[in-house]
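*Asks:* okay, structure incoming, though there's no sequence with it:
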């Protein structure tokens, strides 16, 4: 199952955000795949790539202005993974932006949780499977 191809966005501090994402995305099986130092980036900032199976699908970098209104959604195969993400993200310093639950305004099986990362980016994990998954 592909969670996403890749998303990249600027953050205030690549190291603070690296710590957040390493911990918050662990329940999804995401790890840091690569770090690219400032001497090898267009912006002169540090880039961290996170993903699964050796492919970085999420890139964060500093030394540019963080974007406003950025939202990223990750797919989960089971509702329990949504719950695990929410707990891990809060423990990593994230801010609650919507506890795990069904969002019927999307559809009856849209089970999601939302957390703001250290830069206020809205991170969502969603399972769109029926209850029991």
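*Replies:* Cool, the structure landed. It should be emphasised that the depicted structure is a prediction, and the values quoted were computed from it without experimental measurement.

*Asks:* residue 74 touches residue 28, doesn't it?
*Replies:* Yes: taking C-beta atoms under 8 Å as the definition, residue 74 is a contact partner of residue 28 at 5.9 Å. No exception for glycine: its C-beta is placed from N, CA and C like everyone else's.

*Asks:* which residues do the two both contact?
*Replies:* Taking C-beta atoms under 8 Å, 6 or more residues apart in numbering as the criterion, residue 74 and residue 28 both touch 3, 85, 125.

*Asks:* quick one, phi psi at the second one?
*Replies:* I take that to be residue 85. Here is the backbone geometry of residue 85 (degrees, to the nearest 10): phi -60, psi -50.

*Asks:* how is the nearest residue to it once chain neighbours are set aside assigned, secondary-structure-wise?
*Replies:* Counting by C-beta to C-beta, 6 or more residues apart in numbering, residue 125 is the residue found nearest to residue 85 once chain neighbours are left out, at 4.2 Å. Secondary structure for residue 125, judged by DSSP: H, G, I helix; E, B strand; the rest coil, is strand.

*Asks:* and the gap between residue 125 and residue 8?
*Replies:* Distance of residue 125 to residue 8, given as C-beta to C-beta, to the nearest Å: 19 Å.

*Asks:* and those two? Which one has more around it.
*Replies:* Higher neighbour count among residue 125 and residue 8: residue 125, with 29 against 12, using other C-beta atoms under 10 Å.

*Asks:* now the more buried one: how far from residue 131?
*Replies:* Distance from residue 125 to residue 131, by C-beta to C-beta: 17 Å.

*Asks:* now swap in residue 97 and tell me
*Replies:* With C-beta to C-beta as the criterion, residue 97 and residue 131 are 23 Å apart.

*Asks:* compare those two (neighbour count), which wins?
*Replies:* Shown here are residue 97 and residue 131; by other C-beta under 10 Å, residue 97 has more neighbours (17 against 10).

*Asks:* give me every residue that touches that one.
*Replies:* 114, 115, 116, 122.

*Asks:* TSV please, covering those residues and showing pLDDT and secondary structure.
*Replies:* Putting the contacts of residue 97 into TSV (pLDDT from 0 to 100; DSSP: H, G, I helix; E, B strand; the rest coil) gives the following:
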residue	pLDDT	secondary structure
114	95	strand
115	97	strand
116	95	strand
122	90	strand
